[in-house]
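J.: Okay, structure incoming, though there's no sequence with it:
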């Protein structure tokens with residue numbers, strides 16, 4: 001069986017890593033998978049000006065060129081077209097611009113699917129929403145995405161496959177934490193929906209009541225100008241990221257909206273308690289006061305209160321961490337890959 005994934009050329013987001021993981025696991029199961037990435041930037045219709053959109057395409061194309069050497073596991077093509085994409089049993093779009101490209105491919109490219117990891121309408125609301133109405137079968141990673149698509153856009157119900165977590169790699173450290181401060185860890189991302197400003201404000205509010213709190217952040221981008229930031233790790237290796245989770249006392253997850261949210265689950269797998277918002281994976285797996293401390297998105301006061309509560313109560317941190325780890329152990333990449341292969345790729 002041959003499966004094509006159509007993946008953006010730019011970025012190393014958690015969503016892209018999910019596609020790479022599924023490709024690897026399906027290959028292990030005897031499925032011939034190829035991840036195609038275009039060199040030419042997509043027109044995401046971000047601006048009202050056609051000239052600005054063209055310039056943005058040129059900018060993204062130039063930025064993509066260095067990625068070719070850095071990501072040799074991709075099959076790089078100038079653009080997604082019949083000429084460049086092989087015949088297959090299934091071809092899967094992974095972002096709204098690629099949904100249009102996949103929909104236009106010849107029938108020999110096989111059954112056409114749309115793997116949806118978020119409600120992607122931030123570049124262009126009209127084009128994003130219209131992509132979900134294309135005649136592609138939907139795979140979604142969370143129940144809330146399916147509810148939005150069916151209730152607001154009239155799409156037919158999708159199959160739901162939760163993302164897995166590599167709990168053999170992301171696991172608690174064998175040694176005890178050895179630091180005097182109470183370390184908070186948070187992802188930095190400039191997208192407003194990631195809620196970084198809320199997370200920083202909540203941390204600052206909590207630190208006024210507990211001066212032992214310190215803040216570490218990591219991300220793909222240059223170090224942000226955040227006054228209360230103690231340490232920043234740009235593009236940390238997988239090993240370093242695991243160590244950051246293991247050494248952190250509290251993981252702050254302040255997102256205003258999230259497709260799923262890998263980082264809080266990775267933190268939980270490493271034995272780090274999470275103070276987060278009730279979005280994405282937390283809305284399906286989180287139990288406030290059980291395996292996580294939850295606040296509603298945008299409620300900075302409650303998020304700050306939860307950070308302070310964890311900071312001031314080591315026993316609560318230990319309890320939340322233990323229950324969080326047990327929750328994540330139920331998420332298996334092998335189970336997710338088996339379901340994707342059987343329920344979504346083999347059967348109609």
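T.: Sure thing, it's come through. Here the structure is a predicted model, which is why all the values come from computation and not from measurement.

J.: before we move on, what SS does residue 202 have?
T.: helix (DSSP: H, G, I helix; E, B strand; the rest coil).

J.: looking at this, residue 193 is in a helix?
T.: Yes: assessed with three-state DSSP, residue 193 lies in a helix.

J.: can you pull the contacts of it?
T.: 122, 255-258 (C-beta atoms under 8 Å, 6 or more residues apart in numbering). Every C-beta, even on glycine, is put in place using the N, C-alpha and C of the backbone.

J.: those helices in the stretch 51-200 of the chain, which residues are they?
T.: Ranges of helices in the stretch 51-200 of the chain, per DSSP state H, counting those that start in this stretch, are 67-70, 96-103, 125-132, 143-153, 196-207.

J.: okay, now residue 221: neighbour count?
T.: 11 (other C-beta atoms under 10 Å).

J.: Surely it is in contact with residue 190?
T.: Yes: here residue 221 lies in contact with residue 190, judged by C-beta atoms under 8 Å, at a distance of 6.3 Å.

J.: What about residue 33, how many residues nearby?
T.: Counted with other C-beta under 10 Å, residue 33 comes out at 20.

J.: which residues touch the helix or strand hosting it?
T.: According to DSSP states H and E, residue 33 maps onto strand 32-38. Residues from elsewhere that reach strand 32-38, judged by C-beta under 8 Å, 6+ apart: 1-9, 19-20, 22-23, 26-27, 64, 67, 71, 73-80, 84-86, 88, 101.

J.: Give the buried residues for it.
T.: 33-38 (16 or more other C-beta atoms under 10 Å).

J.: Ok, stretch 229-237 next?
T.: Under 16+ other C-beta under 10 Å, the buried positions of stretch 229-237 are 229, 232-233.

J.: what ranges do the strands span in the stretch 201-348 of the chain?
T.: Here the stretch 201-348 of the chain has its strands, by DSSP state E, counting those that start in this stretch, at 213-219, 231-234, 250-253, 274-277, 293-295.

J.: With mean pLDDT and distance to residue 200 as extra columns, can I get those in JSON lines?
T.: Converted to JSON lines, the strands of the stretch 201-348 of the chain look like this (pLDDT from 0 to 100; distance: least, C-beta to C-beta, whole Å):
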{"stretch": "strand 213-219", "mean pLDDT": "98", "distance to residue 200": "8"}
{"stretch": "strand 231-234", "mean pLDDT": "98", "distance to residue 200": "12"}
{"stretch": "strand 250-253", "mean pLDDT": "98", "distance to residue 200": "9"}
{"stretch": "strand 274-277", "mean pLDDT": "98", "distance to residue 200": "13"}
{"stretch": "strand 293-295", "mean pLDDT": "98", "distance to residue 200": "15"}
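
J.: Can you add distance to residue 204 and give these back as CSV?
T.: As requested, those are exported to CSV (distance: least, C-beta to C-beta, whole Å):
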stretch, distance to residue 204
strand 213-219, 9
strand 231-234, 16
strand 250-253, 12
strand 274-277, 14
strand 293-295, 16
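
J.: Of all those, which one is nearest residue 225?
T.: With C-beta to C-beta as the measure, strand 231-234 is the member of the strands of the stretch 201-348 of the chain nearest residue 225 (10.5 Å).

J.: center of this structure, which residue is that?
T.: The residue lying closest to the centre of the chain (C-alpha atoms, centre = their mean) is residue 14, at 3.8 Å.

J.: close enough to count as contact, that one and residue 266?
T.: No: with contacts defined as C-beta under 8 Å, residue 14 does not count as touching residue 266, sitting 9.0 Å away.
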